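*Asks:* just to be clear, the model below is a prediction. Sequence and coordinates:
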Amino acid sequence: MPELPEVETIVRSLKAVLKSKQILKIIVYHSRPLGSLKPLVFKRLLQGKVFSEIKRRGKYICFNFEDNSSLIVHLRMTGGFLYQKPNIPEGAKDHLRLAFFLSDGSSLLYQDSRLFGTFRYYPPQAAIAEFLVLGPEPFDKSLTPDAFHSICKGRKLAIKDLLLDQKAIAGLGNIYACEALFQTRLNPFRRASNLTQAECQLLLTKIKEVLRLAIRFQGTSIRDYQNIDRQKGRFQNLLSVYGQASKPCPVCQRPIKRLVQKQRPTFFCPHCQKAPGP
DNA sequence: CTTAACGCCTGAAGGC
DNA sequence: TGCCTTCAGGCGTTAA
């Protein structure tokens, strides 16, 4: 479900409510998000911890605690957090998998219908395996146009598939990969290695533009995504191509096309995003 | 090393 | 209405 803008939105909200609060008690309703870690061990590790920093890296949420241990969460398709203030009537809670009860009477709930999401605990000073293989953040200064061009060079796969490769660049998913390619007027099926330096430069600029705007609109809510207060994003109203199959292209009015690429739908305008040459 | 298919799950939506 | 099929904001594993 969530890509960089949705995770960023969630992290900003979590920061505002969790800082300095202590985990008093945890209930594990389903152990799958914990992977191989046994629920009792998970509880023993985390009960008593006090939240310090909460950060995003790619699509990961990184909860840091005051003792420098951390909890790395990936929401995958349908994972989501819900924050319950103290003494407020509770709404419906479908697919509740984990509950963290906090020192001020509030609670942080984890819901995930499809159970793809993951939680992993890291003791202080441990290297976070997930981050070691992650590509650069789109907004990181080290990701210059030349650096991005180097990433594309030598990759034979389609540029859209490269954008989805978290080892190449972190944070993009199907929605924003399609949207950024449309804004660049690049065909999603072009080989990454065939892109010119100028095309890579423009693509990187458009990736950042699209992500910035989506963050400003608090993400895209098409089916499941909502913030920790159940607020939906509004970027779905600004989508140019994603989910717009057979609707008119906002630029040329010709119908948007949906093709399956690597088992996943790709939305694009065949006219504005010209097919690769021979 | 890179690439592509498959599997993990469940609920919503669409077709008949 | 109801049943059946298809589809989904992701990614780790496996095989080639």
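*Replies:* That came through fine. Residues are numbered from 1 along each chain as shown, chains lettered A, B, ... in the order given.

*Asks:* who in the stretch 151-278 of chain A is up against DNA strand C?
*Replies:* A:164, A:166, A:173-175, A:219-225, A:263-265 (CB under 7 Å from any atom of the strand). (Glycine included, C-beta is placed from N, CA and C.)

*Asks:* where do the strands sit along the stretch 101-250 of chain A?
*Replies:* Taking DSSP state E, counting those that start in this stretch to define them, one finds strands in the stretch 101-250 of chain A at A:107-112, A:118-122.

*Asks:* do the longest one and DNA strand C come into contact?
*Replies:* In other words, strand A:107-112. No - against DNA strand C, strand A:107-112 shows no contacts by CB under 7 Å from any atom of the strand, the least distance being 11.5 Å.

*Asks:* just the helices in the stretch 51-200 of chain A please.
*Replies:* A:129-132, A:145-152, A:159-164, A:174-184, A:197-216 (DSSP state H, counting those that start in this stretch).

*Asks:* just to revisit the earlier point, which of the residues of the stretch 151-278 of chain A next to DNA strand C count as buried?
*Replies:* Buried members of these, scored by 16 or more other CB atoms under 10 Å, are A:164, A:166, A:173-175, A:219-221, A:224-225.

*Asks:* which of the residues of the stretch 151-278 of chain A next to DNA strand C lies closest to DNA strand B?
*Replies:* Set against DNA strand B, the nearest of these by CB to the nearest atom of the strand is A:Q263 (5.7 Å).

*Asks:* redo the buried ones among the residues of the stretch 151-278 of chain A next to DNA strand C as TSV? Include distance to A:S240 and pLDDT.
*Replies:* As requested, those are exported to TSV (distance: CB to CB, whole Å; pLDDT from 0 to 100):
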residue	distance to A:S240	pLDDT
A:L164	18	98
A:Q166	23	98
A:G173	16	98
A:N174	14	98
A:I175	11	98
A:G219	16	97
A:T220	12	97
A:S221	17	96
A:D224	22	90
A:Y225	19	96
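
*Asks:* in those, find the pair that's most separated.
*Replies:* Greatest spatial distance in these: A:Q166 and A:S221, 22.4 Å, computed using CB to CB.

*Asks:* contacts only, for whichever residue of chain A sits closest to DNA strand C.
*Replies:* Proximity of chain A to DNA strand C (CB to the nearest atom of the strand) peaks at A:G173, 2.1 Å away. A:G173 is in contact with A:2-4, A:59, A:164, counting by CB atoms under 8 Å, 6 or more residues apart in numbering.

*Asks:* most neighbours among the residues you listed, which one?
*Replies:* Among the contacts of A:G173, A:P2 has the most neighbours (other CB atoms under 10 Å), with 27 neighbours.

*Asks:* what residues are up against that one?
*Replies:* Neighbouring residues of A:P2 by CB under 8 Å, 6+ apart: A:10, A:59, A:75, A:79-80, A:173, A:219, A:225.

*Asks:* equivalent analysis for A:K274, please.
*Replies:* A:185, A:187.

*Asks:* for A:A275, same thing?
*Replies:* The contact partners of A:A275, taken as CB under 8 Å, 6+ apart, are A:187, A:189.

*Asks:* what do you get for A:K167?
*Replies:* Contacts of A:K167 (CB under 8 Å, 6+ apart): A:133-135.
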